[in-house]
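Asker: this is the structure alone, sequence omitted:
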């Protein structure tokens, strides 16, 4: 992605934190079928490999997993909060009027070549870990073991798992760093006053 140095996230733990905070990632490949993208939840093992390893699964009916099996490089997008920035937020608008709208956002892109697997035990561990992560905090969290064993066995035959060691990471945190201190404060205050949760999240990041 286009990533000027003033916006680039250079700290690995910061980028990994954004990965962990993203509930649904976008996995993109390019192969014989052209560009393909799937929206999938993934797990990050931050300790496996220099940048960590991502784990997830596809429906077996989704042909994109075959691109991974064939060695296609994958890009996994982890989008954070984003917000429209109105020129009206800038105090400099009143001074010279030379302002235009923009967008503030946080994003991390992970790249690598994945290993595909269909081993039932490995898939069971993966879907159990994914379930436990997203059920955490519920009053009565559901577990994979709550479903009949034969039903889960059948469901596992309908998916394909992958492990993607992250070979390259790019992180971007565009928070008006290229503006004056007064304009940054104006954007922060404008977004904080918005009723939109993402606008407020961006304002919090700008503190």
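Answerer: Good, I have the coordinates. Everything quoted here is computed from the prediction, not taken from an experiment. Numbering: from 1, shown residues only.
Asker: center of the chain, which residue is that?
Answerer: Taking C-alpha atoms, centre = their mean, the centroid of the chain lies closest to residue 78, which sits 1.6 Å from it.
Asker: what sits against the nearest residue to that one once chain neighbours are set aside?
Answerer: Residue nearest to residue 78 in three dimensions, not counting chain neighbours: residue 22, with 4.0 Å by C-beta to C-beta, 6 or more residues apart in numbering. Where you see a C-beta, it was placed from the backbone N, CA and C, and this is true even at glycine. Contacts for residue 22 (C-beta atoms under 8 Å, 6 or more residues apart in numbering) come out as 78-80, 108.
Asker: then residue 174?
Answerer: Residue 174 neighbours (C-beta under 8 Å, 6+ apart): 7, 103-106.
Asker: which residues touch the nearest residue to it once chain neighbours are set aside?
Answerer: Nearest non-adjacent residue to residue 174, counting by C-beta to C-beta, 6+ apart: residue 7, 4.7 Å away. Neighbour list for residue 7: 172-175, 177-178 [criterion: C-beta under 8 Å, 6+ apart].
Asker: TSV please, covering those and showing distance to residue 185.
Answerer: Formatted as TSV, the contacts of residue 7 follow (distance: C-beta to C-beta, whole Å):
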residue	distance to residue 185
172	22
173	17
174	17
175	12
177	13
178	14
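Asker: in strands only, show me the residues you listed.
Answerer: The strands, defined by DSSP state E, take in 172-174 from the contacts of residue 7.
Asker: just how off-centre is the helix or strand bottoming out on mean pLDDT in the chain within its chain?
Answerer: The weakest-scoring helix or strand in the chain, judged by mean pLDDT, DSSP states H and E, is helix 92-96 (a mean of 81). Helix 92-96 sits 36 Å away from the centroid of its parent chain (C-alpha atoms, centre = their mean, to the nearest Å).
Asker: show me what that helix is in contact with.
Answerer: The list of residues contacting helix 92-96 from outside it, by C-beta under 8 Å, 6+ apart, reads 87, 98-99, 179-180, 182-183.
Asker: so what's the gap between the top helix by length along the chain and the chain middle?
Answerer: As assigned by DSSP state H, the longest helix anywhere in the chain is helix 120-135. Offset of helix 120-135 from its chain centre (C-alpha atoms, centre = their mean): 19 Å.
Asker: so which elements touch it?
Answerer: When contacts are defined as 3 or more C-beta pairs under 8 Å, 6 or more residues apart in numbering; DSSP states H and E, helix 120-135 sits against strand 43-45, strand 53-59, helix 149-156, strand 159-165.
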